[in-house]
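Participant: give me coordinates for this.
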Amino acid sequence: MSKEEDFSDEIGNDHIATSATNPIRSDAFELTDDQKIESIKKDVENMLLTLGMDLTDDSLKGTPSRVAKMFVKEIFGGLNPNKKPGASTFSNNYKYGEMLVEKNITLYSTCEHHLLPIIGRAHIAYISNGTVVGLSKMNRIVDYFAKRPQVQERLTMQIVQELQKVLNTQDVACVIDAKHLCVNSRGIRDIESSTVTSEFGGKFKEAQSRREFLDYIKLDTKF
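Facilitator: Residues are numbered from 1 along each chain as shown. As a prediction, the model looks like this:
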């Protein structure tokens with residue numbers, strides 16, 4: 001194994017983020033979804049054959065197609081900008097000026113280092129400067145950015161940055177508490193550990209607002 005391969009392996013095994021944005025090629029959307037599915041189907045079929053699986057078995061016949069469709073249409077659907085959720089905003093006519101917290105948003109993502117699941121909860125807060133967003137839209141934003149090969153730090157930042165754009169305010173915060181199956185089921189195989197990441201913007205950089213938000217969520221780790 002070359003030094004470059006050793007270095008790449010070390011980064012992946014230690015789950016080190018190397019980019020604040022998803023590393024997507026410029027030609028990523030030249031193929032249609034159907035073309036991607038057909039190509040991935042062949043790759044999955046070759047992988048299973050290489051592992052020695054009998055693809056004539058009734059249980060395995062459809063696996064390459066199922067996996068390809070799942071990759072493109074489901075668990076990696078957030079790579080497609082056309083699937084980005086519209087976030088309708090409304091005037092804060094009732095003049096609510098305190099913190100709004102949406103906690104325990106179910107999160108399913110995929111570790112980009114081993115393509116194994118990340119399962120956890122996202123907790124979001126913002127303080128309106130005159131604009132509010134529908135509660136379900138926050139869940140959809142989490143889901144959209146989670147449906148990519150991800151690292152948790154980047155995902156946390158992306159959620160905050162998107163809501164800052166939508167709400168036209170810096171006063172947004174996000175905390176994610178998640179289990180990584182690449183840690184829980186392989187490598188060190190520590191089934192109890194979870195990873196907590198946070199991103200605080202605007203007023204949430206101040207100790208009082210940050211403490212209030214953290215008191216609200218109390219990090220429920222029962223996934």
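
Participant: what residues does the residue nearest to the spatial centre of the chain make contact with?
Facilitator: For the chain, the residue lying nearest the average C-alpha position, counting by CA atoms, centre = their mean, turns out to be residue 146 (2.1 Å). By CB atoms under 8 Å, 6 or more residues apart in numbering, the contact list for residue 146 reads 78, 107-109, 118, 155. Placement of C-beta: from N, CA and C, glycine included.

Participant: out of those, list just those in helices.
Facilitator: Residues of the contacts of residue 146 located in helices (DSSP state H): residue 155.

Participant: which two of the contacts of residue 146 have the greatest separation?
Facilitator: Within these, 78 and 118 form the most distant pair, 12.9 Å apart (CB to CB).

Participant: can you get me the start-to-end distance on stretch 86-93?
Facilitator: Terminal residues of stretch 86-93 are spaced 21 Å apart (CA to CA, to the nearest Å).

Participant: mind listing what's buried in it?
Facilitator: In terms of neighbour count (16 or more other CB atoms under 10 Å), stretch 86-93 has its buried residues at residue 87.

Participant: for the residue nearest to the centre of the chain, give me the pLDDT.
Facilitator: Reported pLDDT at residue 146 in the predicted model: 98.

Participant: over to residue 6?
Facilitator: Confidence for residue 6, expressed as pLDDT, is 55.

Participant: now the buried members of the contacts of residue 146.
Facilitator: 78, 107, 109, 118, 155.

Participant: mind showing which ranges of the chain have poor pLDDT?
Facilitator: Applying pLDDT under 70 to the chain flags residues 1-18, 219-223.

Participant: quick one: strands adjacent to the strand of greatest length in the chain?
Facilitator: Across the chain, the strand with the greatest residue count (assigned by DSSP state E) is strand 99-111. Each strand paired with strand 99-111, and its direction, by DSSP bridges: strand 117-127 (antiparallel), strand 149-150 (parallel).

Participant: which parts of the longest one are buried?
Facilitator: Within strand 117-127, the residues that qualify as buried are 117-118, 120-127, counting by 16+ other CB under 10 Å.

Participant: that one: what's the following helix or strand?
Facilitator: Where DSSP states H and E defines the elements, the next helix or strand beyond strand 117-127 is strand 131-133.

Participant: any buried residues in that next one, and which?
Facilitator: Neighbour counts using 16+ other CB under 10 Å place 132-133 of strand 131-133 among the buried residues.

Participant: any idea how far it is from the chain center?
Facilitator: 23 Å (CA atoms, centre = their mean, to the nearest Å).

Participant: run me through the strand neighbours of it, direction for each.
Facilitator: Sheet pairing of strand 131-133 (DSSP bridges) gives strand 89-91 (antiparallel).

Participant: from residue 38, how far off is the residue lying farthest from the centre of the chain?
Facilitator: In the chain, the residue that sits farthest from the middle, by CA atoms, centre = their mean, is residue 56; the gap is 35.1 Å. Per CB to CB, to the nearest Å, residue 56 is found 20 Å from residue 38.
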